[in-house]
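Asker: from the sequence below, what's the structure:
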Amino acid sequence: MGKVTKMLLFLVLPLVVGLIAAFAFSNAKKEKQKVEFVVPSGNVFSRVTPTPYIISPDLPPLYPGIEWGEPQLIDEIVFRKESGELITLPGININSGSVKKYEESFFEYYTTQLKAKGWYEVDSASGPEGELYHYQSGNRYLTVGYNVSRNQYGTEGSITAYEYYIRYSQ
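Answerer: Got it, this is the predicted structure:
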C-alpha cells in the first residue's frame, strides 16, 4: 500500500464510521421515561415524556399534566409578600401552551409540592379571567396560575383554552 492510500484510509475510515454511527444513533428509538406524581387526593399524574425541571432545588418539577414552554427571564414580575405588600423583582416566567381543558389538580399539585419544600401560600385570587396563588419562602416568591381564552371578547363567551403559568423570583 502506498503512503497516500494509507493516509486516505487513516483520514477517511474514521469519518465514514463516525457518520454511520451518527446516522444509526439519530434513527434509534429513544427510550421515553415515565414520570409520576401523587397528590393527597390520590390522583396520580403521569406523562410519557420527561417533565422539564425548574432550575432550583427548592422548587418542584413543573406540573406534569401539560406541556410547558421555555423559561423566560423577565426584568419585572409582581409578587405578593406575606404582609400583603406587592413587590416587583426580576424572575423567571414559564407558560404552558394552549390547554383545552381545566386541570383540576394543578393548584393542589403546587400546594402539596411547595409545602413539602418549605413554601407557604400568602394570597390567592380568582375571577372570570383566571386564577392565581402566591407563595413565599424566606425572600423568594412564586406565583402559579392560569388565564382563560374565550370565543368572544369579555367574560360572556365560552372558554376555549387555558394558559397556565409559573413565575418565580431569582
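Asker: strand partners (parallel or antiparallel) of the helix or strand where residue 131 lies?
Answerer: For residue 131, the host element (DSSP states H and E) is strand 130-137. Next to strand 130-137 in the sheet, as set by DSSP bridges, lie strand 120-127 (antiparallel), strand 140-150 (antiparallel).
Asker: pick the most buried one from these.
Answerer: strand 140-150 (a mean of 20; mean count of other Cβ atoms under 10 Å). In this view, the C-beta of every residue, glycine as well, is placed from N, C-alpha and C.
Asker: tabulate the CA atom coordinates of that one in CSV.
Answerer: Taking Å, rounded to 0.1, in the frame of the first residue of the first chain, the C-alpha atoms of strand 140-150 are listed here in CSV:
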residue,chain,number,x,y,z
ARG,A,140,-38.1,34.0,47.5
TYR,A,141,-41.5,34.4,45.8
LEU,A,142,-43.5,32.3,43.4
THR,A,143,-46.9,32.7,41.6
VAL,A,144,-48.8,29.9,39.8
GLY,A,145,-52.0,30.5,37.9
TYR,A,146,-53.9,30.4,34.6
ASN,A,147,-55.6,32.8,32.2
VAL,A,148,-58.5,31.9,30.0
SER,A,149,-59.2,32.5,26.3
ARG,A,150,-62.8,32.9,25.2
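Asker: who's in contact with that strand?
Answerer: For strand 140-150, contacts defined as Cβ atoms under 8 Å, 6 or more residues apart in numbering pick out 58-59, 77, 79-81, 87, 89, 91, 98, 103, 106-107, 110, 114, 119, 128-136, 156-169.
Asker: buried ones among those?
Answerer: 59, 77, 79-80, 89, 91, 103, 106-107, 110, 114, 119, 131-136, 161-169 (16 or more other Cβ atoms under 10 Å).
Asker: out of those, which are inside helices?
Answerer: With helices taken from DSSP state H, the overlap with the buried ones among the contacts of strand 140-150 comprises 106, 107, 110, 114.
Asker: wait, the third one sits on residue 133?
Answerer: Yes - in this structure, residue 110 sits in contact with residue 133. The criterion is Cβ atoms under 8 Å, and the distance is 6.9 Å.
Asker: quick one, strands of the chain?
Answerer: Using DSSP state E, the strands found in the chain span residues 35-38, 44-47, 72-80, 86-95, 120-127, 130-137, 140-150, 159-169.
Asker: of these, which is nearest residue 66?
Answerer: strand 159-169 (6.0 Å; Cβ to Cβ).
Asker: any idea of the mean pLDDT for the closest one?
Answerer: For strand 159-169, the mean pLDDT works out to 95.
Asker: now stretch 97-110
Answerer: Stretch 97-110 carries an average pLDDT of 94.
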